[in-house]
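pasting the structure only:
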Ligand SMILES: C[S@@+](CC[C@H](N)C(=O)[O-])C[C@H]1O[C@@H](n2cnc3c(N)ncnc32)[C@H](O)[C@@H]1O
């Protein structure tokens with residue numbers, strides 16, 4: 001895509017995305033955000049903050065909140081959202097693949113509906129790991145690849161999604177990416193996004209930590225070819 005087409009596509013996305021999400025948020029997505037982000041603590045970073053739908057859900061007790069968003073067309077909406085927040089907030093341009101922070105900067109890193117659109121998501125997850133303090137927590141909330149039938153539908157519609165939704169890969173297997181990353185998943189619930197778009201329905205909401213992977217976990221990874229299929233921290237309904 002040329003730079004001009006890219007800019008146009010980003011502007012177009014920033015124009016329709018908040019309205020599209022409005023109903024979904026009212027139908028339950030906002031509650032998911034709220035329950036998860038209530039656990040954010042200390043210095044927090046949100047990657048790909050978009051129009052700021054998560055912003056009102058951060059707790060007032062945070063030491064600092066940094067919102068990273070590379071699409072300049074979202075900047076005004078983000079500024080409006082943070083105006084009333086009783087927390088020190090900064091809004092930065094930046095890329096999840098090369099986070100502009102030293103190692104071990106944050107206690108919390110949050111991302112919602114972002115890893116579907118990041119090019120090179122493996123690298124971005126390594127960056128999340130790098131900027132977290134040991135024991136720091138990654139709060140993820142992502143739509144994911146569905147079961148066999150839905151997965152095929154997602155494969156077929158992903159080229160269209162990418163064009164219309166600023167690079168969104170509806171078929172991205174975020175769970176596999178997370179398992180292969182240096183982060184240790186400590187909780188994961190399978191949920192359903194309250195939308196009529198079947199390509200976006202399967203959601204995972206959970207937490208991963210920056211901690212060394214234990215020996216049993218490492219063995220499980222080898223035995224399952226990289227995925228922690230029997231990880232007891234996982235819960236939720238089938239997709
Ligand atoms: C579907 S929107 C989600 C916005 C917001 N997090 C939410 O929950 O509504 C995806 C966001 O990821 C951002 N994004 C895409 N690639 C990125 C990257 N490499 N680094 C950081 N953010 C990125 C986009 O600009 C966009 O704001």
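Yep, that arrived. Being a predicted model, the structure only gives us computed values, none of them experimental.

now do the longest helix seen in the chain: distance to the chain's middle.
For the chain, the longest helix by residue count, based on DSSP state H, is helix 3-24. Here the centre of helix 3-24 is set off from its chain's centre by 17 Å, with C-alpha atoms, centre = their mean, to the nearest Å.

next secondary structure after it?
Scanning forward in sequence from helix 3-24 by DSSP states H and E, the next helix or strand is helix 30-37.

is that next one in proximity to the ligand?
No - counting by C-beta under 6 Å from any ligand atom, the ligand has no neighbours in helix 30-37; the shortest distance is 7.5 Å. The way it works is simple: take the backbone N, C-alpha and C, and place the C-beta from them, glycine included.

buried residues in that helix, which are they?
Of all the residues in helix 30-37, those buried under the rule 16 or more other C-beta atoms under 10 Å are 30, 32-33, 36-37.

format the residues you listed as TSV; extra columns: pLDDT.
Compiled in TSV, those are given as follows (pLDDT from 0 to 100):
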residue	pLDDT
30	97
32	96
33	97
36	98
37	98
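
quick check, nearest of the residues you listed to the ligand?
The shortest approach to the ligand among the buried residues of helix 30-37 belongs to residue 33, at 7.5 Å (C-beta to the nearest ligand atom).

any idea what residue 140 is bridged to?
Under the criterion DSSP bridges, residue 140 forms beta bridges with residue 111, residue 206.

can you pull up the residues of the chain that come close to the ligand?
By C-beta under 6 Å from any ligand atom, the residues of the chain that approach the ligand are 21, 47-50, 53-54, 68-71, 74, 95-97, 112-114, 117-118.

count of residues packed around residue 123?
14 (other C-beta atoms under 10 Å).

that one reaches residue 97, doesn't it?
Yes - in terms of C-beta atoms under 8 Å, residue 123 counts as a neighbour of residue 97; the distance is 4.8 Å.

sorry, back to before: which of the residues of the chain next to the ligand fall within helices?
residue 21.

put the buried members of the residues of the chain next to the ligand into a PyMOL selection.
The command below creates a PyMOL selection of those among those that count as buried (16+ other C-beta under 10 Å):
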select buried, resi 21+47+48+49+50+53+54+68+69+71+74+95+96+112+113+114+117+118
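
give me the buried stretch members for the helix or strand hosting residue 81, please.
Assigned by DSSP H and E, residue 81 falls within helix 75-82. For helix 75-82, burial by neighbour count (16+ other C-beta under 10 Å) applies to 77-78, 81-82.

show the backbone phi and psi for residue 162.
Per-residue torsions, residue 162: phi -60, psi -40 (degrees, to the nearest 10).

now swap in the one 3 residues further on and tell me
The phi and psi torsions at residue 165 (degrees, to the nearest 10) take the values phi -120, psi 50.

mind listing what it touches?
Neighbouring residues of residue 165 by C-beta atoms under 8 Å, 6 or more residues apart in numbering: 13, 17, 117.

great, nothing more from me.
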